[in-house]
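Enquirer: Return atomic coordinates for the entry below.
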Amino acid sequence: MINFKKKIVFIMGSILLLNPYFLYSQIHNEKPVYFDENKKFSIQLFAAYVSAAELQDNIASEIYFIRDVSVEMNGGYSYGAELTYDPSFSNFDVMFYVSTEYLKVKDNEMKLRLENDTAFSTVLFTEEYKILPIEAGLKWRLPVSSERFKIFIGGGGGMYFGSRTRSIGPYNSTNISKKPGYSLNIMAGLEYFFERNLSVNFEFKFREASFESKDSFPVSTLTVNGNTYSISNPINSRIMADGTRISAGLKYNF
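Expert: This is a model prediction of the structure:
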């Protein structure tokens with residue numbers, strides 16, 4: 001994580017120093033024009049926080065209330081990039097965007113209840129999941145925006161690829177198959193230009209980033225405190241990182 005932060009700082013500094021208008025204005029002491037309407041494209045590097053996730057562990061069950069039971073999981077931090085295009089074909093100030101990010105979370109506090117005819121036990125297990133969203137849509141800068149300060153809303157859709165690994169004691173699950181999820185999303189955000197063509201962005205996004213996974217353990221029973229228990233094998237699950245996503249990033253218009 002420290003190395004990643006160093007890379008972000010280096011990239012931000014490089015973009016700033018390579019901006020020709022920044023160098024020119026510093027030499028000639030001119031007041032810069034922060035927002036250039038002639039720039040059609042922008043690229044943004046961002047970091048984000050996903051507030052929560054859920055695990056549905058029996059999605060293949062024929063009993064609906066078992067199929068829909070979910071367990072809360074930890075959210076986590078992600079990082080990614082976004083490309084936008086401003087066609088300038090109307091007075092609505094609409095931009096099209098495509099983005100991707102990488103989220104990896106490891107939750108060590110998950111609990112599994114095991115039962116047989118004469119006893120029961122509760123064991124801790126570890127759930128590690130990764131999600132790679134690919135999203136696209138549009139953003140609209142609201143008319144209340146100024147040259148340096150922009151407010152926008154937007155929405156779109158996404159496809160969410162993922163993988164997971166479950167560990168119970170010395171045993172790790174292996175994947176049999178995976179299925180990406182699909183979701184609509186809505187967002188709102190702020191953009192502040194601190195230099196010509198350079199801005200910082202803050203965004204709130206609401207979505208249901210999910211994927212399905214079928215996994216198997218190398219064993220079908222576990223022995224706990226002298227008792228032997230059967231475990232579900234294979235496991236048909238759905239993981240949903242459905243909390244609010246809050247992001248901050250650096251954006252360069254070109």
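Enquirer: which residues of the stretch 1-150 of the chain score low on pLDDT?
Expert: Low-confidence segments of the stretch 1-150 of the chain (pLDDT under 70): 1-32, 90-91.
Enquirer: hey, where'd the helices end up in it?
Expert: For the stretch 1-150 of the chain, applying DSSP state H, counting those that start in this stretch gives helices covering 2-17, 20-28, 64-67.
Enquirer: Lys130 against Glu101, yeah?
Expert: No: assessed by Cβ atoms under 8 Å, Lys130 is found out of contact with Glu101, at 11.1 Å. Placement of C-beta: from N, CA and C, glycine included.
Enquirer: higher neighbour count, those two?
Expert: Using other Cβ atoms under 10 Å as the criterion, Lys130 and Glu101 rank with Glu101 on top: 21 against 17.
Enquirer: Kindly provide the distance from the spatially closest residue to that one that is not a sequence neighbour to Val69.
Expert: Nearest non-adjacent residue to Glu101, counting by Cβ to Cβ, 6 or more residues apart in numbering: Gly80, 2.7 Å away. Using Cβ to Cβ, to the nearest Å, Gly80 is found at 31 Å from Val69.
Enquirer: Same question for Tyr49.
Expert: Taking Cβ to Cβ, one finds Tyr49 at 27 Å from Val69.
Enquirer: Likewise for Arg164?
Expert: Arg164 sits 17 Å away from Val69, going by Cβ to Cβ.
Enquirer: Equivalent analysis for Gly243, please.
Expert: In this view, Gly243 and Val69 are 19 Å apart by Cβ to Cβ.
Enquirer: go on, Tyr160?
Expert: Noted for Tyr160: a distance of 21 Å to Val69, by Cβ to Cβ.
Enquirer: Among these two, which residue is more densely surrounded?
Expert: Neighbour count, other Cβ under 10 Å: between Tyr160 and Val69, Tyr160 has more, with 22 against 14.
Enquirer: and that one, what are its bridge partners?
Expert: Beta-bridge partners for Tyr160, by DSSP bridges, are Pro133, Gly181.
Enquirer: can you pull the contacts of it?
Expert: 131-134, 180-183, 209-211 (Cβ atoms under 8 Å, 6 or more residues apart in numbering).
Enquirer: Just the buried residues out of those residues, in PyMOL syntax.
Expert: Filtering the contacts of Tyr160 down to the buried ones (16 or more other Cβ atoms under 10 Å) takes a single PyMOL command:
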select buried, resi 131+132+133+180+181+183+209+210+211
